[in-house]
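J.: Below are the sequence and a predicted model for it; my questions follow.
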Amino acid sequence: MNRPAQASFTRLEEIIGVAHVVTNGAEITAREVCGARPAVIVKPADAAEIAEILRFAAAERLAVIPTGSGTKLGIGSPPARYDIALDLSRMNRVLAYDPHDLTLGVEPGVRIEDLLRTLAEKKQFVPLVVPFSDRATIGGIVAANSSSPLRHAYGAVRDFCLGMEFVTGEGVQAKSGGRVVKNVTGYDLHKLLIGSLGTLAVITRVNFRTFPMPQAEGTFVASFSSPEAAFKFCGAISHSVLTPQMVEVADPGAGRLIFSGEAAARIIPMQWSVVLSAAGQPSVVERYARELGHMAGAANATNFLPIGDIEQHFVFSRIQEFPRLVLDAAPDSFIFRIGVLPTRMPFLLKELNEVAGQHRAVLATLTRASGIVFAAFVTDAGSTTPTGAIANALKEVFRVCALPENGAQAMLEWGPTEMKTSAEVVWGQSRLDFELMHRVKKSFDPHNVLAPGRFAGGI
Amino acid sequence: MQPQLIRELIALLGPQAVLSAPEDLLLYEYDGSVELGSPRCIVFPTNARDVSEIVRLANRYETPIVGRGAGTGLSGGAIARNGGIVITFSRMNRILEIDAANLRAVVQPGVVNLDLSRAVEHLGLYFAPDPSSQKSCTIGGNVSENSGGPHTLAYGVTVNHVTGLEMVLPDGEIVRIGGKCIESSGYDLCGLFVGSEGTLALVTEITVRLMRKPEAVKTLLAVYDTLDDTTESVVEITVRAITPAACEMLDGFTLRAVEDYVHAGFPKDCAAVLLIEVEGLTEAVEAQAAEITDVCRQNRAREVRAARNNEERNLLWRGRKEAFGAMGRISPMYYVQDGVIPRTRLPETLRRIEEISRKYDLQIGNIFHAGDGNLHPLILFDERDREQFARVVAAGGEIMRHCVAVGGALTGEHGIGMEKNELMSLIFTPDDLALMERVRAEFNPAGRLNPGKVLPMGKACGEIRVPRTPASVTIST
């Protein structure tokens, strides 16, 4: 790695002040990305400073990775180079909040926990029930396209983000979209930044629409003895007039993690659990309780349980923190994020189970019924599975997903650094559209300053 | 003898798929906007390979290419501004797959918007984006323009309903992005290409989400004696965070024109009406309708009534969706705008439009998506009166500037096209535009695909394009 010399540190200090440049200590370790350590952390206060830092980095051919609280730096393939960690935690202001218009503009360093608290004062929220909820920042959530179980009703970031301001890899401040709830003015460049892992631009402002909090909520857990029955139940819901705000399927592996603890003592973790949440006025929630119960019965549920406030809070937070639960229990686990069609879910899960079985890993899956599977291959700390065998298993996952009948798209979100030997391990075999992604990268970051190597296709 | 390009196109597609006679070309000079442009020929491909071959041929002849659906667009997106080949997708109009179990359909770009909803109606499903032109506009055109409609308020615009595309790039390569799944790994390329107004690629296949029809629908008509009471009601509905599926406003002038034509049941002596629709479970619909009625009454609505049956409901919606057509009965021509404002600024904005109408001595009708702040002022004019037309352009510019000044946007659903591309600098800095330019150049390096659209062409800024001779056409939207 091309380490920046003292002269570089001096220049960075000139740009943002000595107090906001860190060159050693525990902070550096905390900004590690797949084993790579930055030479320096810089903490800019605004977009103008970021622009100057990036222009300097581009001129010096230094690599920069933007970061908020650093909770998701492990996602993506290992960076080819990494010199500067661009810490956005000082940019933590809510810039505009118009509760009457239900719109919001925030800096990237705002923590989701703080934002939700601010919005709750006006009985509003943004539907980002995402992992690392105590520390995750808006910039990181957007850049990693963190998934929320509320996606079922509210869509993903792309559906409620109205626009962004950002700084490109060349240090140019730009924006797209806007602040109004309906807008087709110009190219929607900000949509490209969602899930881009900081490889295109540094986000400096995100505009969202906000949503009114429902009057009442109800959460239910239906248990099934087979995946077929559980997914049959989900299919029946999606073909009914009911529109729950959350439908999550936990397999027994995930169930053991999610429902461990007193608060969930009534739930049978050894089975396939469908966790549902309905929102609206009380009479609506009552109707969900009634009809979901009937539908669960018709799908041969072994149990259907409306759960109370305390359990509800517990189960919600466990589902929200699923990747963290897995990694806390077994840090060397692999977690895939897979987009899949609802009708293919039981087949895909069966095939993933076979892959896990062949490689002596335990599979734990949490499935968003609208079409996302989080598949964790949980490995023991003392596992003696040879590296080559693990590498084969990872390839198998991509192969199974890519089968024409499955038509699923996978990425390896979490996994031990030593296994991430190439972009293919994380993103799968090269696809035709990767070439288009390279063109996007070239437009935003022609000198390859931002997080080089961290993205699909080696971007 | 026909020019070489035409002969090659005929050799490629057959004589039935190429038009080049002047009288045929006339029909393709305009779309739903007030713009004009003369193509050199029109071609009708039947599959992606045809499109790819046409593009490769156009490249050899260094000829511009413009994609076209039904030509209902309102910003000149389908106009051959620099001449060249217009690729019309009307023969690529097959629904390729309906996957009801996964709530997806795969369609060719020439499928008419409403035809898709009709084809899945028996399954209890529909395609949510519902532009007023949905009886004739195509899904390919919807994708290009990222079209909306009244129900955008609850369900979003086209981009929120597209999961995958097959496209032909300007070099002729056929590529697929996204798929049927709800998410794909990598950059959100669908998010970029949907709404790129035909300037980055030609879309040849679209995978869309289908939605389940709600259990109950209630359509309310609230009648007002003042414009201010009407707009204050919209603000209050938003403030109270009630979320109707649609919330449309028609002012007195517009609804009188509509009533004479459609007989939808709008009282002709009022200042404005709101057409509000709530959908969902029966219990939720009843409660929301009651709350909305309450808000409207508190804001001095003279009358709030619900459509009693489907017939009444359809009639009210016909009144809304055929309003633009009704205008054709009372004015030779109109210019429709598409500005967006934060919803809380609605009352002052409508007052501003009234002032502008008086200042320029022009009749301006207002019929629009009030719930999401998407205005459609209709400025009436007679194209034979050149002096009046200059006032129309000035008034339009002033309304647009107001939208921008209160934190709004230039277009909510019609697109920038060749109508507003020189206005882009009101919203975007030179750096913002340079980046968009760069993205375009990366995908469309020779600028051959739909030239002169979306991005400003010159350094001059801040002008709505003044067409030399506005077309005298009947516009249906």
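T.: Done, it's in.
J.: Go ahead and flag the most central residue of the chain.
T.: Going with chain A. Chain A has residue A:146 as the residue nearest its centroid, 2.1 Å off, counting by C-alpha atoms, centre = their mean.
J.: To clarify, I was referring to chain B.
T.: Computing the C-alpha centroid of chain B and ranking residues by C-alpha atoms, centre = their mean puts residue B:414 first, at 3.6 Å.
J.: right, and it touches residue B:338 too?
T.: Yes - assessed by C-beta atoms under 8 Å, residue B:414 is found in contact with residue B:338 at 4.1 Å. Where you see a C-beta, it was placed from the backbone N, CA and C, and this is true even at glycine.
J.: Give the residues shared as contacts by those two.
T.: With contacts taken as C-beta atoms under 8 Å, 6 or more residues apart in numbering or on different chains, residue B:414 and residue B:338 have B:74-75 as neighbours in common.
J.: do stretch B:370-378 and chain A meet at all?
T.: Yes - counting by C-beta under 8 Å from any C-beta of the partner chain, chain A has neighbours in stretch B:370-378: B:372-374.
J.: and those, which of them are in helices?
T.: Here DSSP state H is the test, and the residues of stretch B:370-378 next to chain A give no hits in helices at all.
J.: my guess is residue A:147 is in a strand, correct?
T.: No - the assignment for residue A:147 (DSSP: H, G, I helix; E, B strand; the rest coil) gives coil, which keeps it out of a strand.
J.: List the residues that contact residue 384.
T.: If you meant another chain, say so; for now it's chain A. The contact partners of residue A:384, taken as C-beta under 8 Å, 6+ apart, number zero.
J.: Sorry, I should have been clearer: chain B.
T.: With C-beta under 8 Å, 6+ apart, residue B:384 has these contacts: residue B:332.
J.: doesn't it fall inside a helix?
T.: No - applying three-state DSSP, one finds residue B:384 to be coil, outside a helix.
J.: Neighbours of residue A:212, how many?
T.: By other C-beta atoms under 10 Å in any protein chain shown, the residues close to residue A:212 number 15.
J.: Against residue B:67, how distant is it?
T.: 40 Å (C-beta to C-beta, to the nearest Å).
J.: phi, psi of the closest residue in space to the residue nearest to the centre of chain A that isn't next to it in sequence?
T.: Of all residues not flanking residue A:146 in the chain, residue A:130 sits nearest, at 3.9 Å (C-beta to C-beta, 6 or more residues apart in numbering or on different chains). Main-chain torsions, residue A:130, degrees, to the nearest 10: phi -120, psi 160.
J.: Surely residue A:130 and residue A:136 touch.
T.: Yes - using C-beta under 8 Å, residue A:130 is in contact with residue A:136, at 5.9 Å.
J.: With adjacent residues omitted, what lies nearest to the residue of the stretch 201-350 of chain B found nearest chain A?
T.: Closest approach between the stretch 201-350 of chain B and chain A, counting by C-beta to the nearest C-beta: residue B:241, at 3.1 Å. Leaving aside its chain neighbours, residue B:241 sits nearest to residue A:212 (3.1 Å; criterion: C-beta to C-beta, 6+ apart).
J.: what's the answer for residue B:366, then?
T.: In space, residue B:366 is closest to residue B:251, 4.3 Å off (C-beta to C-beta, 6+ apart).
J.: how many other residues sit next to the one you found?
T.: 24.
J.: Same check on residue A:350?
T.: 12.
J.: For the residue lying closest to it once chain neighbours are set aside, give me the backbone phi and psi.
T.: Spatial nearest neighbour of residue A:350, chain neighbours left out: residue A:227 (7.3 Å); criterion: C-beta to C-beta, 6+ apart. Torsion angles at residue A:227 (phi, psi; degrees, to the nearest 10) stand at phi -60, psi -40.
J.: any idea how far stretch A:325-332 is from the chain center?
T.: 16 Å (C-alpha atoms, centre = their mean, to the nearest Å).
J.: Buried residues, that stretch. List them.
T.: Residues of stretch A:325-332 classed as buried by neighbour count (16 or more other C-beta atoms under 10 Å in any protein chain shown): A:325-327, A:330, A:332.
J.: Over to stretch A:126-139?
T.: A:126-133, A:136-139.
J.: Would you map the helices across the stretch 201-350 of chain B?
T.: B:227-239, B:252-262, B:282-298, B:310-321, B:323-330, B:346-359 (DSSP state H, counting those that start in this stretch).
J.: Could you export those helices as CSV, including mean neighbour count, distance to chain A and mean pLDDT?
T.: Formatted as CSV, the helices of the stretch 201-350 of chain B follow (neighbours: other C-beta atoms under 10 Å in any protein chain shown; distance: least, C-beta to the nearest C-beta, whole Å; pLDDT from 0 to 100):
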stretch, mean neighbour count, distance to chain A, mean pLDDT
helix B:227-239, 22, 5, 95
helix B:252-262, 22, 20, 92
helix B:282-298, 18, 4, 96
helix B:310-321, 18, 17, 92
helix B:323-330, 19, 18, 84
helix B:346-359, 18, 10, 96
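J.: Contact partners for residue A:429?
T.: By C-beta under 8 Å, 6+ apart, the contact set of residue A:429 is A:398, A:402.
J.: change it to 7 Å
T.: Each residue near residue A:429 by C-beta atoms under 7 Å, 6 or more residues apart in numbering or on different chains is listed here: residue A:398.
J.: tell me the phi and psi of it?
T.: Here is the backbone geometry of residue A:429 (degrees, to the nearest 10): phi -60, psi 150.
J.: rewinding a little: wait, the residue nearest to residue A:350 touches residue A:349, no?
T.: Yes - if you go by C-beta atoms under 7 Å, residue A:227 and residue A:349 touch, sitting 5.7 Å apart.
J.: if you count what's nearby, which of these two comes out ahead?
T.: A count of neighbours by other C-beta under 10 Å puts residue A:349 above the other of residue A:227 and residue A:349, at 23 against 20.
J.: Chain B versus the residue nearest to the centre of chain A, what's the distance?
T.: In this view, residue A:146 and chain B are 12 Å apart by C-beta to the nearest C-beta, to the nearest Å.
J.: And the pLDDT for that residue?
T.: For residue A:146, the pLDDT comes out at 98.
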